[in-house]
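In: Predicted model and sequence follow; I will ask about them next.
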Amino acid sequence: MGGIAWNTENMYFNTFITNEIYADVSQSAILGSMEATTAVARMVALSAIAAVVTTFIMGALSDRLKNRKMFISVGYILWGIVTAMFGFITKENVANLFNLTDEARILGTTVWCIILMDIIMTFMGSTSNDAAFQAWMTDITVPKQRPILETVLSVVGTVSSFAVTGVGSFAQAGTITYKAFFIGLGAVVTVCGVAGLFLIKDPPRTLEKEASNNYWSDLVYGFRPSVIKENSRLYLALASFCIAIVAFQVFYPYLLTYVQYVIIPDNGGIANMLRLPVIITAVVVVAILLACIVTLLKLSTKKRGICLLIGVVMLTLGFFILSTSTSVYVILVSLLPVVLGNALVNILFNAAVKDFIPEGKAGRFQGIRMIFVVLIPMVIGPVIGDMACQRAAQTIINEVGASVIVPAKNMFLWAGIVCIFGIIPLYFLMRKGVDAEEVKDTVEVN
């Protein structure tokens, strides 16, 4: 359910801005406020900052209160409620609320209302998922279990992404309203939070860990030079992971808009993309992909470093292929290295990070983790993507004849260039050894 909520935010708040908010605004209103891609970049960046600050505060607090369950469950309940509230944000409602008549001010204020609500939603999501749930997963597992756990979570995350995309495509196409879409998914997430009150149990590691006497000391614990030096492998893993995610964030916030306004028209429409040769190619790619993922994940139990290097290289290669063409066949072929590389990078880096976090301090390090996997990627990545889109200057004409900039394939080239640099910290990590020391193999849950 966390995957559903995050994918709703990461994928469809962006299309909501382009398709709903910018659909009928004039060129003068856009020039008097901001481009749609710039609005998306600002929303993603400020959401990332909110996520990191929240995780620092609430992660350390969950360590001290020794109760991950309440942080997770109550956070999910409120997370769903805030998600549903997005359905009520329209230019008309904003104009009435603030008594606005100037079109540029209405557009700008509406965008900033969306950004503010996204920050509030991020506070709820980061409290429950990033601060508490991630620490809880670290508490209940040991190193040899974590690749399995991360694989399961990756599969579940992919399924949730498909679920959101499946339902969201109806909103994107106008078959259902964005209001109904946000309310429906918000309700599902809230119900999950209620269920968590009865299903989640805190393990002994959470209940029995010692906390320091100074809460503010806990907040800055991960910034201490002595802590960084003592846990150098953790920070090297986070640095390499960070660069790979920056590369992903160069295009990810703009991906569905790119598909809608570039890929589908360039390939002759949806019907043309569902022809038998395309479907056969997709099936072959998926079969090869699954076989490669299974083979490499088995290899990763003994050769994690090599598999991580393969993942980063494959991800880079896939981005470069995507930058060459908008043909559906080229995209399907590129999915093999992109999805394979992304699976290896996410599964193995997430497992390694959990391995390298010191015992009993999972909550204190969640904020550090968020700086590397959320703040830096989501601030830098979308800005690079916006620059790529502005440079390409590919536009569509909206309902009132205004030109709106949409994403272009050159953003994948920029993503590939960024991704290459992830090999540098990974090289030093491999020299130090990627495998974590053995710890207790089983954890009993109360």
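Out: The structure has been received and is ready for your questions.
In: Might you calculate how far stretch 159-172 sits from the centre of the chain?
Out: 15 Å (Cα atoms, centre = their mean, to the nearest Å).
In: my bad, should have said stretch 189-206
Out: Worked out by Cα atoms, centre = their mean, stretch 189-206 lies 22 Å from the chain centre.
In: Show me what it is in contact with.
Out: Outside of stretch 189-206, the residues that reach it under the criterion Cβ atoms under 8 Å, 6 or more residues apart in numbering are 1-2, 4-5, 66-69, 72-81, 83-84, 128, 135-136, 139-140, 359-360, 443-446. In this view, the C-beta of every residue, glycine as well, is placed from N, C-alpha and C.
In: Narrow these to those in helices?
Out: When those are checked against helices (DSSP state H), the matches are 2, 4-5, 68-69, 72-81, 83-84, 135-136, 139-140.
In: Excluding chain neighbours, what is closest to residue 403?
Out: The spatially closest residue to residue 403, leaving aside those adjacent along the chain, is residue 395, at 4.3 Å (Cβ to Cβ, 6 or more residues apart in numbering).
In: Tell me who's in contact with the one you found.
Out: For residue 395, the contacting residues are 403, 404, 405, 406, taking Cβ under 8 Å, 6+ apart as the criterion.
In: Show me where this structure has its strands.
Out: Assigned strands in the chain, in chain order: 395-397, 403-405 (criterion: DSSP state E).
In: just those strands: most buried one?
Out: Greatest average neighbour count among the strands of the chain goes to strand 403-405 (a mean of 17), per mean count of other Cβ atoms under 10 Å.
In: Okay, now the sheet partners of that one, with direction.
Out: In its sheet, strand 403-405 lies beside strand 395-397 (antiparallel), with partners assigned from DSSP bridges.
In: quick revisit: can you tell me which of the contacts of residue 395 lies nearest to residue 113?
Out: residue 404 (19.6 Å; Cβ to Cβ).
In: Touching, that closest one and residue 31? I think so.
Out: No: if you go by Cβ atoms under 8 Å, residue 404 and residue 31 don't touch, sitting 11.6 Å apart.
In: isn't residue 101 right up against residue 91?
Out: No: at 11.8 Å, residue 101 does not count as touching residue 91 under the criterion of Cβ under 8 Å.
In: Same drill for these two, tell me which one is more crowded.
Out: residue 91 (22 against 7; other Cβ atoms under 10 Å).
In: Apart from its neighbours in sequence, what residue is nearest that one?
Out: Residue nearest to residue 91 in three dimensions, not counting chain neighbours: residue 110, with 4.9 Å by Cβ to Cβ, 6+ apart.
In: And the closest residue in space to residue 263 that isn't next to it in sequence, how far from residue 268?
Out: Nearest-residue entry for residue 263: residue 326, 5.6 Å, with adjacent residues in sequence omitted and distances by Cβ to Cβ, 6+ apart. As judged by Cβ to Cβ, to the nearest Å, residue 326 and residue 268 stand 11 Å apart.
In: what about the two, which has more around it?
Out: The neighbour count for residue 326 versus residue 268, taken as other Cβ under 10 Å, is higher for residue 326 (17 against 11).
In: the bottom helix or strand of this structure by mean pLDDT?
Out: For the chain, counting by mean pLDDT, DSSP states H and E, helix 204-208 ranks last in confidence among helices and strands (a mean of 53).
In: all helices of the stretch 151-300 of the chain, in order?
Out: Counting by DSSP state H, counting those that start in this stretch, the stretch 151-300 of the chain has helices at residues 178-199, 204-208, 215-219, 225-230, 232-251, 255-258, 264-266, 270-273, 276-300.
In: And for the stretch 301-446 of the chain?
Out: Taking DSSP H, counting those that start in this stretch as the criterion, the stretch 301-446 of the chain carries its helices at 304-322, 328-356, 362-370, 376-392, 410-420, 423-432.
In: tell me how far the second one is from the chain's mean position?
Out: Taking the mean C-alpha point of helix 328-356 and that of its whole chain, the gap between them comes to 13 Å (Cα atoms, centre = their mean).
In: tell me the angle that helix makes with helix 304-322.
Out: Relative orientation of helix 328-356 with respect to helix 304-322: 150 degrees, computed using axes from the mean of the first three to the mean of the last three Cα atoms, to 10 degrees.
In: Would you mark the buried spots in helix 328-356?
Out: In terms of neighbour count (16 or more other Cβ atoms under 10 Å), helix 328-356 has its buried residues at 328, 331-356.
In: so residue 130 touches residue 370, yeah?
Out: Yes: counting by Cβ under 8 Å, residue 130 does reach residue 370; the two are 5.7 Å apart.
In: and for these two, which residues touch both?
Out: Residues touching both residue 130 and residue 370 (Cβ under 8 Å, 6+ apart): 51, 55.
In: pLDDT weak spots in the protein?
Out: Across the chain, the ranges flagged by pLDDT under 70 are 10, 204-219, 296-297, 299-301, 360-363, 400, 435-446.
In: The residue sitting furthest away from the middle of it: what's it in contact with?
Out: Relative to the mean C-alpha coordinate of the chain, counting by Cα atoms, centre = their mean, the farthest residue is residue 101 (36.1 Å). Contact partners of residue 101, counting by Cβ under 8 Å, 6+ apart, are residue 95.
In: Ranking the helices of the stretch 151-300 of the chain by mean neighbour count, which comes first?
Out: Neighbour counts averaged per stretch over the helices of the stretch 151-300 of the chain are highest for helix 232-251, at a mean of 24; criterion: mean count of other Cβ under 10 Å.
In: elements contacting that one?
Out: helix 304-322, helix 328-356, helix 362-370, helix 376-392, helix 410-420, helix 423-432 (3 or more Cβ pairs under 8 Å, 6 or more residues apart in numbering; DSSP states H and E).
In: between those helices, which one is nearest to residue 45?
Out: The nearest among the helices and strands packed on helix 232-251, by Cβ to Cβ, is helix 376-392 at 4.4 Å.
In: May I see the buried residues of the closest one?
Out: Applying a neighbour-count criterion of 16+ other Cβ under 10 Å, one finds 376-386, 388-389 buried in helix 376-392.
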